[in-house]
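I would like to see how this sequence folds:
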Amino acid sequence: MALEKGYLLYGRYRIDVVLGRGGMGSVYKALDENLGIPVAVKENLFTTEEYARQFRREATILAGLRHSNLPRVTDHFVIAGQGQYLVMDYIDGDDLRSRIEKGNLPSERLAVDWARQICDALNYLHNRQPPVVHRDIKPGNIRVTSDGRAVLVDFGLARLMEGPTTTTGAKAMTPGYSPPEQYGASRTDSRTDIYALAATMYTLMTGAMPEDGLERALGQRTLTPIRTRNPKISTGIAAAIEKALEVLPENRFQTIGEFQKALTLATPSVPQPSAASAPPKKAVTPPPSTATEVPKAATLKIKKPASATVAANSPQKGFPWGCALAGLFMSAIVISAGILFAFRGDEILSLIQSISNLTPAVTANSLTQTALLPTFTVTKMEAPSHTPEISTATLEPTETATPFVTPEGRAQSIAFVSTRTGISQIFSMNLDGTNLKQLTDEAEGACQPDWSPDGRQLLFTSPCDTSDEKFSGTSIFRINADGSGRTSLTKVFGGDYDPAWSPDGKKILVTSLQDGRIHIYLMDANGDNRILLSSETGATEYQARWAPSGDKIVYVKMIGLPIIFTGGIDPQKPWWEEFSVFPNFTTMSPDWSVDDYILYVLGSRQQVVICPMNTRFLCEKRPLSVEYSGTQVARFSPDGQWVLYDMNLKTNRDIYLLPIVGQKEPRRITSDPSVETDPAWRPIPAGS
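Now for the predicted structure:
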């Protein structure tokens, strides 16, 4: 029997209203009389020991989670002869199921905004040790608050992945949202959540559930293309959702990050979300108290194909149908027993990454974006006859009190150049502004720091003047992370600069004037065995950076204007290829992420362009600022999820941090009145 209104549970929680009922108990809104705040209380009435174990598992999982798009558990207790209780944050808002039932479907923009938040939560869950797989993502388990925060709830079916041995919650599923492998004895993993997320997006955008995954896997039904149900959905978003709905796990996106990036690249440009729908910022590592916000930047528009036809998913071979059919019979019993109890809900949606078998129907001048797989054909487009323009809206600087997420793991400290001592020197500090150290004391200045892949040593250029872009007579030096052990690596005349350490730490790229021209050279980590890499004797080439594989580079080549190129490092098999697709704009400061994305600074140095390596036409342009300009250096974080760059804010140059997905506002992380530039991420040394 449900607890009555006014009942004081456990001497602390005053029951207010029943939020929902299920076969195992009820969920209540209550008042925590100790703290004076509303809470949600989930009840389990001990119907079986298995349900009690499942409930304890949910409490254990949730107790260790700290994420703004997940509920926070504050209490768990057992009342003998009555039941188990789990107390958590009360999420005030509607779940997506109620929205859909009322026919109140959101715009594509709003749906993807919510999706970005849920993707962040899933990325957090899937990357925990051990990873957590939710296994019950559906509209009823996503709740959206009045300020636009999407929260993923109900972890009763969640599973901890602990290598080949797993600890699971209940073995159950929700038809329409669960993938085929969840019906039988097949192993579930993070791709299970990707499928369910895509099914939730499909339903939210069309008002109809996708055809059941098991029935599609058995060849009994095919997936209705999302644009058949709702032609207003953009082709790229539809293609990404349909890929994530593949019946075979190996044909879906393999990580939630891939799905998130795919949706990001396919999302049509839109104005900044309003306060009611903007994604929240997770307070993982607070920024330094002296940091200031910079103006929000308008998103640039990317043209999309006029039309694209996405084929419905056909039945596929290779799935263990015997297990699936047995599981289907078992699941019917389980569902009829009523163990599927929806707790609360928000929206689960994701964003888009590029796929290797993408077929863009574009030319280098067209600046178009094509849909991303699964299986589709793109209607041929005529390339525009005019040179595309890139524009940004003028936005006023605004301030926000919302906490800002900062990178975790391998990217918590940086090196950078500052003139705070009167001349440019290399400094290091944590991203929150603590542990500031001066690493160099060069009489003629130092600049262009680059860390070794193990984070224990640093390269830099000297002499160096931040107001001068000429590097005649400069040398490359190596120091330890504490500034000791200064060693010169330059053994030629002319001038070496722009050092870049190879991913394995054995080689160094430099730009050099040794033959009187600006060329790229490759040398050993001790400065020996220099090899000319520049593709043409008379070409000006510089700013080389490594691919994560260590066998390719990205660099700038002067052809009237600076253009981004990629190339190999084997002088016996030279190759190079133009990468940037903006022939009438200056491009500079390229970098290559660990997940094979390339970025470069574009135009008036107000925008950074981020492109998949294998599909250079599907680029996202992220404005770095609107009112200000002058970015010289932009660098991916070691995990590829952040961009660190310098920017001239009116008259002061400082270092800023920008996430690849999610939050749109950069964060200023240096604030000294001096010039601060040349940021470089430090990998965390092994064992530290």
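
I'd like to know how many residues surround T461.
29 (other Cβ atoms under 10 Å). Every C-beta, even on glycine, is put in place using the N, C-alpha and C of the backbone.

Stretch 203-219: which residues count as buried?
203-206, 209-218 (16 or more other Cβ atoms under 10 Å).

With pLDDT and secondary structure added, can I get those in JSON lines?
Shown next, in JSON lines, are the buried residues of stretch 203-219 (pLDDT from 0 to 100; DSSP: H, G, I helix; E, B strand; the rest coil):
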{"residue": "T203", "pLDDT": "95", "secondary structure": "helix"}
{"residue": "L204", "pLDDT": "95", "secondary structure": "helix"}
{"residue": "M205", "pLDDT": "95", "secondary structure": "helix"}
{"residue": "T206", "pLDDT": "94", "secondary structure": "helix"}
{"residue": "M209", "pLDDT": "94", "secondary structure": "coil"}
{"residue": "P210", "pLDDT": "95", "secondary structure": "coil"}
{"residue": "E211", "pLDDT": "94", "secondary structure": "coil"}
{"residue": "D212", "pLDDT": "92", "secondary structure": "coil"}
{"residue": "G213", "pLDDT": "91", "secondary structure": "helix"}
{"residue": "L214", "pLDDT": "89", "secondary structure": "helix"}
{"residue": "E215", "pLDDT": "90", "secondary structure": "helix"}
{"residue": "R216", "pLDDT": "92", "secondary structure": "helix"}
{"residue": "A217", "pLDDT": "90", "secondary structure": "helix"}
{"residue": "L218", "pLDDT": "89", "secondary structure": "coil"}
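
Can you lay out the residues you listed as a markdown table showing distance to D113?
As requested, the buried residues of stretch 203-219 are exported to a markdown table (distance: Cβ to Cβ, whole Å):
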| residue | distance to D113 |
| --- | --- |
| T203 | 17 |
| L204 | 12 |
| M205 | 13 |
| T206 | 18 |
| M209 | 22 |
| P210 | 21 |
| E211 | 27 |
| D212 | 28 |
| G213 | 26 |
| L214 | 31 |
| E215 | 31 |
| R216 | 29 |
| A217 | 32 |
| L218 | 36 |
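
pull the longest strand from the chain.
strand 13-22 (DSSP state E).

Note down every partner strand of that strand and its orientation.
strand 8-9 (antiparallel), strand 25-32 (antiparallel) (DSSP bridges).

Can you tell me what sits against the shortest one?
Which is strand 8-9. L3, R14, I15, A30, E33, V41, Y85 (Cβ atoms under 8 Å, 6 or more residues apart in numbering).

now these: which count as buried?
When the contacts of strand 8-9 are checked for burial by 16+ other Cβ under 10 Å, the buried set is L3, R14, I15, A30, V41, Y85.

among these, which two are most distant?
R14 and Y85 (13.5 Å; Cβ to Cβ).

Low-confidence bits of the stretch 401-550 of the chain, can you list those?
401-411, 466-470, 535-538 (pLDDT under 70).

all strands of it, in order?
Here the stretch 401-550 of the chain has its strands, by DSSP state E, counting those that start in this stretch, at 413-418, 425-430, 437-438, 447-451, 457-462, 475-480, 487-488, 496-501, 507-512, 519-524, 531-532, 541-546.

Pop the domain breakdown of this structure in here.
Under automatic domain parsing, the residue ranges defining each domain of the chain are 8-89, 93-281+289-336, 413-682.

Next, the distance between the ends of the first one.
It stands for domain 8-89. 18 Å (Cα to Cα, to the nearest Å).

chain center to that domain, what's the gap?
Remark: domain 8-89 is offset 32 Å from the chain centroid, using Cα atoms, centre = their mean, to the nearest Å.

related to what we said a few turns ago, let's have the strands of the stretch 401-550 of the chain in JSON lines, adding distance to P679.
Formatted as JSON lines, those follow (distance: least, Cβ to Cβ, whole Å):
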{"stretch": "strand 413-418", "distance to P679": "5"}
{"stretch": "strand 425-430", "distance to P679": "10"}
{"stretch": "strand 437-438", "distance to P679": "15"}
{"stretch": "strand 447-451", "distance to P679": "8"}
{"stretch": "strand 457-462", "distance to P679": "13"}
{"stretch": "strand 475-480", "distance to P679": "17"}
{"stretch": "strand 487-488", "distance to P679": "23"}
{"stretch": "strand 496-501", "distance to P679": "14"}
{"stretch": "strand 507-512", "distance to P679": "18"}
{"stretch": "strand 519-524", "distance to P679": "22"}
{"stretch": "strand 531-532", "distance to P679": "29"}
{"stretch": "strand 541-546", "distance to P679": "14"}
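
And those strands: which comes nearest A240?
Closest among the strands of the stretch 401-550 of the chain, using Cβ to Cβ: strand 541-546, at 28.6 Å.

What strands line up against that closest one, and which way round?
strand 552-559 (antiparallel).
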